[in-house]
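J.: Kindly return the folded structure for what I paste below:
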Amino acid sequence: MTAHAFVTGGTGFLGGRIIARLIEQGWKVTAVHRPETDPARLLALGATPTAAPLDDPDRLRAAMPEHPDAVFHVAGNTSMWRRHRQQQYRDNVLGTAAMVDAALEKGAGRFIHTSSISAWGIQPGPITEETPSRAQRDWIGYNRTKFLAEEEVRRGTGQGLDAVVLNPCGIIGPGDTHNWSQMISLIDRNRLPGVPPGAGNFCHVDEVARAHVTALEKGRSGHNYILAGVEASFLELAQTIAGLLGRKPPQRTVPAPVLKIAGHLYPLFSLFSDREPDLTPEKVALVTGRVRAVGDRAVEELDFHNDIPLKVMLEDCIKWMREEGMLRSA
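T.: The predicted model follows:
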C-alpha cells in the first residue's frame, strides 16, 4: 500500500522541496494550502491540494485524511513586524495546536514539525538542543511563537503523538523567492544599502528537505534536531554573492547603531499600508547579532550534511533565479 503524507506549507520554499522528495520516493501527498493561495504549484509537484486556514481547527481536521502515515507541518508565519503579531500567533501557535489535535484524532503516524533556530531566542553563546530557550517571553514575536509552537508539539507527545522537531538555521537554495534571494537581487542590481554586522549558520534547502524525510525513520520521538550548516558572517555572505554575480563586493558592514535607528524609521513609512517594512527593530536585532548553532545530533542521527560550502548553496540558488528570470543577464 502506498504511504500517505499530509503536508502544510507546500506552496513555500522548503515545503515544496519536501513534497518533491516524497513524490520521488513514491509517497502519496495531500497538501493543505491557504484558501486564498493558488494550488497550481502543488498540482505541478504531483500532490493533491486541499484548502484550509491554519487557524481553523475544524477545517484543518476535515482536510487531514484518516490515518496518514506521516504529517509534515512546515507552514509558518515568518513576519518580523509587530503589526502582524496577532496573526502570527494564530498561524504559528494556534495553527500548530490545531495540527497536533488533528493528528491525534486522525491517528496519524509520525509528526514532523518544522521549527527554527529562533525557537531558542537570542543566545549569548553556541546553541545546542540542550540549551535552555530564552524565547518564551522574547519581545520578537517570531522567536516567541516558534517556541510556543514547539510547546504545542510537546503537549501532543505527552498525549501519545510520535513527533520529531527540526530546527533549521538560514536556508539557501533553489526555490527561494523572499528569503536570501532578496539580498541576491539587491546585490545583482547594485542596490544593497549596506551589510549588517551579524553572522549565522546556513544550510542547503535540499539537505534540509532530505533531513525531514530521513527523520521519519531515524529521528527520535520527542527530540529536537538543529540543522545548522556552515557558519558565516553576513559580510562573507554578501561578498560571496557579489563574486558569483560579477558585481563589486562590499568591503565593510553598517554600524549596528545606524541600523537600529533605521529599524525604527522604516516602519513609519508603512503606517498606512500592510506591507512589511524592509527594516524593523526585530529584523535589526537578528542581523546585528551572531547566531552560533551546533548541529552534531542531526549529523550523527539523521546523516545531515553540515558542511555544504556557502558558495555551492548560493550557486544553486543563483542558477535557479537566472532560470526564473529573477536576475539580470550574466
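J.: next SSE after the longest helix that the chain contains?
T.: Ranked by residue count under DSSP state H, the longest helix found in the chain is helix 141-158. Scanning the chain past helix 141-158 towards its C-terminal end, the next helix or strand to appear is strand 163-168 (assignment: DSSP states H and E).
J.: which other helices and strands contact that following strand?
T.: strand 110-114, helix 141-158, helix 205-218, strand 224-227 (3 or more CB pairs under 8 Å, 6 or more residues apart in numbering; DSSP states H and E). Yep, even glycine has a C-beta here, placed from its N, CA and C like the rest.
J.: Please identify the deepest-packed of the ones you listed.
T.: When these are scored by mean count of other CB atoms under 10 Å, the highest mean neighbour count falls to strand 224-227 (a mean of 27).
J.: Please save the CA atoms from that one in PDB.
T.: Provided in PDB are the C-alpha atoms of strand 224-227 (Å, rounded to 0.1, in the frame of the first residue of the first chain):
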ATOM      1  CA  ASN A 224      14.800  18.300  18.500                       C
ATOM      2  CA  TYR A 225      17.400  18.300  15.700                       C
ATOM      3  CA  ILE A 226      19.300  21.500  14.800                       C
ATOM      4  CA  LEU A 227      20.100  21.700  11.100                       C
END
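J.: ok, back up a step: what's the angle from the longest helix of the chain to strand 163-168?
T.: In terms of direction (axes from the mean of the first three to the mean of the last three CA atoms, to 10 degrees), helix 141-158 departs from strand 163-168 by 160 degrees.
J.: What are the boundaries of the helices in the protein?
T.: Taking DSSP H as the criterion, the chain carries its helices at 13-24, 40-45, 57-63, 85-89, 95-105, 141-158, 181-188, 205-218, 234-245, 256-265, 281-287, 296-302, 310-323.
J.: so can I have CSV of the ones you listed showing distance to S79?
T.: Formatted as CSV, these follow (distance: least, CB to CB, whole Å):
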stretch, distance to S79
helix 13-24, 15
helix 40-45, 21
helix 57-63, 20
helix 85-89, 5
helix 95-105, 14
helix 141-158, 7
helix 181-188, 15
helix 205-218, 20
helix 234-245, 20
helix 256-265, 15
helix 281-287, 9
helix 296-302, 27
helix 310-323, 22
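J.: Pull the number of nearby residues for the closest residue in space to I122 that isn't next to it in sequence.
T.: Leaving aside its chain neighbours, I122 sits nearest to G289 (6.0 Å; criterion: CB to CB, 6 or more residues apart in numbering). As a burial measure, G289 scores 17 neighbours (other CB atoms under 10 Å).
J.: The one 4 residues further on too?
T.: For A293, the tally of surrounding residues (other CB under 10 Å) stands at 25.
J.: so who does it touch?
T.: Neighbouring residues of A293 by CB atoms under 8 Å, 6 or more residues apart in numbering: 117, 126-127, 169, 201, 226, 228, 231.
J.: What subset of these is buried?
T.: Neighbour-count burial (16 or more other CB atoms under 10 Å) is assigned, among those, to 117, 127, 169, 201, 226, 228, 231.
J.: just these now: which is nearest A98?
T.: I117 (24.1 Å; CB to CB).
J.: Wait, that closest one touches E129, no?
T.: No. Applying CB atoms under 8 Å, one finds I117 not in contact with E129, separated by 10.8 Å.
J.: Could you name every residue contacting both of the two?
T.: Common neighbours of I117 and E129 are listed as 167, 226 (criterion: CB under 8 Å, 6+ apart).
J.: Next one: N190 from K248, what distance?
T.: Taking CB to CB, to the nearest Å as the measure, N190 and K248 are separated by 7 Å.
J.: How about H223?
T.: Counting by CB to CB, the separation of H223 from K248 is 45 Å.
J.: quick one, which of the two is more surrounded?
T.: For H223 versus K248, the count of surrounding residues by other CB under 10 Å is larger for H223: 15 against 10.
J.: Looks like the more buried one contacts D162 (just checking).
T.: No. With contacts defined as CB under 8 Å, H223 does not count as touching D162, sitting 11.3 Å away.
J.: okay, the closest residue to S133 other than its chain neighbours: pLDDT?
T.: Excluding its sequence neighbours, the residue lying closest to S133 (CB to CB, 6+ apart) is W120, at 4.9 Å. The predicted structure scores W120 at 98 on the pLDDT scale.
J.: do the same with L227
T.: The confidence metric pLDDT takes the value 98 at L227.
J.: and the closest residue to it other than its chain neighbours, how many neighbours?
T.: For L227, ignoring the flanking residues on the chain, the nearest one in space by CB to CB, 6+ apart is P168 at 4.3 Å. Neighbours of P168 under the rule other CB under 10 Å: 28.
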